[in-house]
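Undergrad: from the sequence below, what's the structure:
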Amino acid sequence: MTVISWIILGLLAGAIAKFLLPGSDPGGLIGTTLIGIAGAFIGGWISARWLDHPISKDFYDGATWAAAIGGSLVLLVAYRLLFGNSRD
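TA: Residues are numbered from 1 along each chain as shown. I've put the predicted structure just below:
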């Protein structure tokens, strides 16, 4: 997959992560989108590095999607823990 494909995958993974973990985010839509893109890259890297699942060239690979969504969820939770109460 190209970098553009990873960005598109990240946008969709961020939206799915937001759907699975509803609530208010300190960063709003832009922050959630950036977390989704970063989560896709990090999830893919973790999958290739430690889970011994190489990055697929196919955009529709289920394991790639699971890694991207999982990475997005982890980053979204970490972001909420670090910056969630900054507006109070």
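Undergrad: what is the subsequent helix or strand relative to the helix or strand containing residue 11?
TA: With secondary structure defined by DSSP states H and E, residue 11 is part of helix 3-20. Counting by DSSP H and E, the next helix or strand C-terminal to helix 3-20 is helix 28-49.
Undergrad: so what's residue 82 up against?
TA: Neighbour list for residue 82: empty [criterion: C-beta atoms under 8 Å, 6 or more residues apart in numbering]. Yep, even glycine has a C-beta here, placed from its N, CA and C like the rest.
Undergrad: show me what counts as buried in whichever helix or strand it is part of.
TA: For residue 82, the host element (DSSP H and E) is helix 62-83. Buried residues in helix 62-83, counting neighbours by 16 or more other C-beta atoms under 10 Å, are found at 64-65, 67-76, 79-80.
Undergrad: and that helix, what's its mean pLDDT?
TA: Averaged over helix 62-83, pLDDT sits at 83.
Undergrad: how about the helix or strand bottoming out on mean pLDDT in the chain: buried residues?
TA: The weakest-scoring helix or strand in the chain, judged by mean pLDDT, DSSP states H and E, is helix 28-49 (a mean of 79). For helix 28-49, burial by neighbour count (16+ other C-beta under 10 Å) applies to 32-44, 47.
Undergrad: please name the residues that touch the spatially closest residue to residue 12 that is not a sequence neighbour.
TA: Nearest non-adjacent residue to residue 12, counting by C-beta to C-beta, 6 or more residues apart in numbering: residue 36, 7.5 Å away. By C-beta under 8 Å, 6+ apart, the contact list for residue 36 reads 10, 11, 12, 13, 14, 15, 17, 18, 68, 72.
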